[in-house]
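Asks: Sequence and predicted model, in that order:
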Amino acid sequence: MAEENQEENPKLKPIKKAPHFVLIHGMSLGSWCWYKVKCLMEVSGFAVTCIDLKSSGIDSSSADSLTSFDQYNQPLIDFLSSYPEQEQVILVGHSAGGLSVTSAIHRFPKKICLAVYVGATMLKFGFQTDQDLKDGVPDLSEHGDVYELGFGLGPENPPTSALIKPEFRRELLYHMSPQQECALAALMMRPAPLLALTTAKVEEEEEENDMAHVPRVYMKTLHDRVMKPEQQDAMVKRWPPSQTYELDTDHSPFFSNPFVLFGLLIKAAVSMGSI
C-alpha cells in the first residue's frame with residue numbers, strides 16, 4: 001500500500017536515514033566529554049557514536065606505551081573499517097581529535113559525508129613542518145610549567161605522555177564551563193600519549209584523491225586559551241574549509257555551551273546536504 005501511495009503521489013519521498021554522528025575527543029579526554037551533546041542528538045533522533053581512542057576514557061592502554069599515532073587512533077580506524085560500505089558518517093573532532101578526523105579523511109573518504117573540526121587541529125597532512133607545529137600545537141608556555149610529564153622510554157628520552165596539572169585546568173580548559181563539569185573532568189582526565197600525537201602525519205598525495213571531495217566545516221572557539229583563535233585562523237587560511245562557524249565559548253564547548261554546539265552541528269549538516 002505504501003508503495004502504491006508513493007507512486008500515486010510523486011511528492012512523497014523515501015524516508016532518509018538519520019545521519020550517524022561520530023564524535024572524537026581531544027587530549028586527555030574521552031567519549032565521556034560528549035555526554036550532553038550525545039543526549040541532545042539522540043533525543044532528536046540522530047545516531048551517535050562516541051569513540052574512546054587508545055589510553056583514553058575506559059580504554060585500559062597506558063599512554064606511555066603508545067609510540068605511533070596509528071596506535072592511538074586504532075579504535076577509530078577499526079570503527080570505520082567495519083562500517084558498511086554504502087553508508088556514511090559525519091565525523092566531528094575536538095582539539096587534537098582533529099588529527100584523527102584528517103587521518104580518517106585520507107583513509108576512508110567515501111565513508112565520510114562531512115568532517116567537522118571544533119576548536120581543533122586542522123592540518124591537511126598533519127605535522128610535517130615547523131609551521132604545522134606552530135599552528136596546530138597548543139603553546140601554553142606563558143602559563144609556566146603546566147604539564148605533568150611521563151617518561152615511558154626513560155628519563156633520557158623525550159616525554160611519552162602529558163597531562164595538564166589540576167591547578168591549571170579550569171583556567172585553560174574550562175573557564176566558561178559550569179563548575180560541575182570541572183569536577184567531572186577532574187575524575188576522568190588521563191595522560192595523553194604525547195609521543196604518539198607528535199607522529200600524526202600522512203603522506204602527501206601526488207594525485208588528487210577522494211579526500212578532496214569530503215566537505216569540511218570549522219567551528220572556531222572564540223575564547224579558547226588552548227587552541228588560540230589566531231592559531232585556528234591560520235589553519236583555516238592554509239586549508240580553507242567549506243564553511244566556518246563561531247562558538248562564543250572556551251576550549252570545551254561541549255561543556256560551556258552544548259546547546260549551541262549541538263545546534264551548529266545540525267545546521268552545518270543541513271547546509272552541506274548531509275541531512
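Replies: Received, thanks. As the structure is a computational prediction, the values presented were derived from the model and not from experiment. Residues are numbered from 1 along each chain as shown.

Asks: And the strands in the stretch 101-250 of the chain?
Replies: All strands of the stretch 101-250 of the chain, identified by DSSP state E, counting those that start in this stretch, fall at 112-118, 147-150, 161-164, 216-221, 243-247.

Asks: Now do residue 85: how many residues are near it, please.
Replies: 7 (other C-beta atoms under 10 Å). For the C-beta atoms, the positions are set from N, CA and C on the backbone; glycine is no exception.

Asks: Okay, it and residue 274: tell me how far apart.
Replies: Distance, residue 85 to residue 274, by C-beta to C-beta, to the nearest Å: 18 Å.

Asks: now do residue 235
Replies: According to C-beta to C-beta, residue 235 and residue 274 sit 22 Å apart.

Asks: same check, this time on residue 193
Replies: Using C-beta to C-beta, we find residue 193 at a distance of 31 Å from residue 274.

Asks: between those two, which one's more packed in?
Replies: More neighbours surround residue 193 than the other of residue 193 and residue 274, with 32 against 19 (other C-beta under 10 Å).

Asks: ok, the more buried one touching residue 152?
Replies: No - taking contacts as C-beta atoms under 8 Å, residue 193 lies outside contact range of residue 152: 9.2 Å.

Asks: show me what contacts residue 70?
Replies: Residues near residue 70 by C-beta atoms under 8 Å, 6 or more residues apart in numbering: residue 77.

Asks: helix/strand/coil for it?
Replies: helix (DSSP: H, G, I helix; E, B strand; the rest coil).

Asks: in the stretch 101-250 of the chain, what spans have low per-residue confidence?
Replies: Flagging of the stretch 101-250 of the chain using pLDDT under 70 yields the residue ranges 205-209.

Asks: the helices in this structure, which residues?
Replies: Listed in chain order, the helices of the chain (DSSP state H) span 2-8, 35-43, 69-82, 97-107, 130-136, 166-173, 179-188, 194-198, 229-238, 253-256, 258-271.

Asks: between those, which one is nearest to residue 146?
Replies: Ranking the helices of the chain by proximity to residue 146 (C-beta to C-beta) places helix 166-173 first, at 4.6 Å.

Asks: and that closest one, which residues are buried?
Replies: Using 16 or more other C-beta atoms under 10 Å as the test for burial, helix 166-173 gives 168, 169, 170, 172, 173.

Asks: With stretch 127-136 instead?
Replies: In stretch 127-136, counting by 16+ other C-beta under 10 Å, buried: 127, 132, 135, 136.

Asks: How about residues contacting that stretch?
Replies: Stretch 127-136 is contacted from outside by 98-99, 121-123, 125-126, 137, 198-201, 204, 231, 234-235, 238, using C-beta under 8 Å, 6+ apart.

Asks: give me that answer again for 7 Å
Replies: The contact list for stretch 127-136 (C-beta atoms under 7 Å, 6 or more residues apart in numbering) reads 121, 123, 198, 200, 201, 231, 234, 235.

Asks: Show me the residue at the heart of the chain, geometrically.
Replies: Centroid-nearest residue in the chain: residue 93, 1.3 Å away (criterion: C-alpha atoms, centre = their mean).

Asks: That residue reaches residue 101, doesn't it?
Replies: Yes - using C-beta atoms under 7 Å, residue 93 makes contact with residue 101 at a distance of 3.7 Å.

Asks: intersection of neighbour lists for the two?
Replies: 24, 117.

Asks: Figure out which of the helices of the chain is closest to residue 52.
Replies: That would be helix 69-82 among these, by C-beta to C-beta, at 6.2 Å.

Asks: Would you indicate which residues of that closest one are buried?
Replies: For helix 69-82, burial by neighbour count (16+ other C-beta under 10 Å) applies to 69, 71, 72, 73, 74, 75, 76, 77, 79, 80.
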